[in-house]
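[1] Provided below are the primary sequence and the corresponding predicted coordinates.
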Amino acid sequence: MRNLSLFDDIVVDAPPTEGIKYAGSKLKLLPHILQLIRKIDAKSVLDGFSGTTRVSQALAHEGYTVVCNDISTWSYVFGSCYLLSQKSSESYLPLIKHLNSVTPVDGWFTAHYGGYPNGGSATQKDGQKKPWQIHNTRKLDAIRQEIERLNLDQIDKSVALTSLILALDRVDSSLGHFASYLKDWSPRSYGELLLKAPQIFPSSKKHKVHQSDIRSLVSQTPVDLAYFDPPYGSNNEKMPPSRIRYEAYYHVWKSVCLFDRPPLFGKVNRRKDSSDRVAASVFEEYRRGSKGRYIAVEAISDLIEQTRAQWILLSYSSGGRATAEELNEVLNSHGKLREVVEISHKRNVMANMRWTNDWVRDSERPNREFLFLLEK
């Protein structure tokens, strides 16, 4: 087998993107994702699990027509902001300045997510830890009420909400999610909540943004290439098997977007609709199906089969529920594997898995990240 360098030890810079701290962020993978897509004659790309939309933003910058999709409300808001707005960032400065000027108030977010400094401890008198200091949740309450009062159209509202979420992310006291909070206040949490205009780039392309189950969307969405980064689920047997990472981890962003003051539960005040039994994802399913494979792997196989694209680009992490052997079998059953890139070592293996399983063996080492370019 030949080992070929895809990048010749040069990683091309990715265009600027914006996002929040995110467990599934592909920020570091963007140059590799873009380099692989450049190798084929693609004009349209589906980003099926868009998350913070960094991949979709980068693709739009590169001139592709992008179909952005994620089931998360806040991801839909980000996609609407960066892909659908035809205004410049500068045109939003008066709105941002106005929102920054509102008088702080005590409201729903302060009641549930705001805490006092307490000499550096984020643990409050009731024993609960909080993700923001109270001076910032009071500002959050006021800004969120004002966004609602302004009765903005869908795209302008998405820009305002994106600006608010980005600002909140800069002053939080967490590890980047809302399933647990830090014991002591982070240095950034003492800062002042300050909105900035998102870096929007108006495009002549007709991008689309969806908040759909990807399994129903792919059969109705013909594109040249589809990029999939499914959550996979953890392969840590000590984790609760029904743990749904993304709905549970980012529940507060959903509340910021919807402003629906939902029922809450637990020590971190999670939305009830983010509970494990309600917010299930087949791609994080821990059980094995009738064929003996993990249900999550079967879902990936079905997804690839239903996708209306000649090319599939699939992300894979060795820390996921899917095993390398099972995923290898799925890939080979649906087409020809043209490229395999192991991100950790910035190397490429030109591979046809009918005759080599090198990547499978390599994945046995922990924390391997792979990109697969599959031609159906």
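    Right, received. Where do you want to start? Numbering: from 1, shown residues only.

[2] make it CA atoms for all contacts and neighbour counts henceforth
    Fine.

[3] ok, residue 120 touching residue 183?
    No. Using C-alpha atoms under 8 Å as the test, residue 120 is too far from residue 183 to be in contact (9.0 Å).

[4] who has more neighbours, those two?
    residue 183 (16 against 13; other C-alpha atoms under 10 Å).

[5] mind listing what the more buried one touches?
    By C-alpha atoms under 8 Å, 6 or more residues apart in numbering, the contact set of residue 183 is 121, 122, 123, 129.

[6] can you tell me which of those residues end up in strands?
    In strands, judged by DSSP state E, none of the contacts of residue 183 are found.

[7] list the contacts for residue 248?
    Neighbour list for residue 248: 178, 179, 270, 274, 275, 276 [criterion: C-alpha under 8 Å, 6+ apart].

[8] right, and the fourth one touches residue 252 too?
    No. Applying C-alpha under 8 Å, one finds residue 274 not in contact with residue 252, separated by 10.0 Å.

[9] so residue 340 sits in a strand?
    Yes. Secondary structure assignment places residue 340 in a strand (DSSP: H, G, I helix; E, B strand; the rest coil).

[10] quick one: it and residue 374 touch, right?
    No. Residue 340 is not in contact with residue 374 according to C-alpha under 8 Å; the separation is 9.0 Å.

[11] remind me which residues of the stretch 201-350 of the chain are low pLDDT?
    232-245, 276-280, 284-286, 318-323, 344-350 (pLDDT under 70).

[12] assign residue 172 to helix, strand or coil.
    The local conformation at residue 172, judged by three-state DSSP, is coil.

[13] and stretch 199-217, what's buried?
    199-203, 207, 209-212, 214-215, 217 (16 or more other C-alpha atoms under 10 Å).

[14] who touches the nearest residue to residue 171 once chain neighbours are set aside in this structure?
    Among residues not flanking residue 171 along the chain, residue 189 sits closest, at 4.3 Å (C-alpha to C-alpha, 6 or more residues apart in numbering). Contact partners of residue 189, counting by C-alpha under 8 Å, 6+ apart, are 132, 133, 170, 171, 172, 173.

[15] on the three-state scheme, residue 189 is what?
    With three-state DSSP as the criterion, residue 189 reads helix.

[16] how near is it to residue 120?
    10 Å (C-alpha to C-alpha, to the nearest Å).

[17] if I pick residue 53, what's in contact with it?
    Residue 53 neighbours (C-alpha under 8 Å, 6+ apart): 19, 68, 75, 78, 79.

[18] in helices only, show me those residues.
    Assigned to helices by DSSP state H, the following of these qualify: 75, 78, 79.
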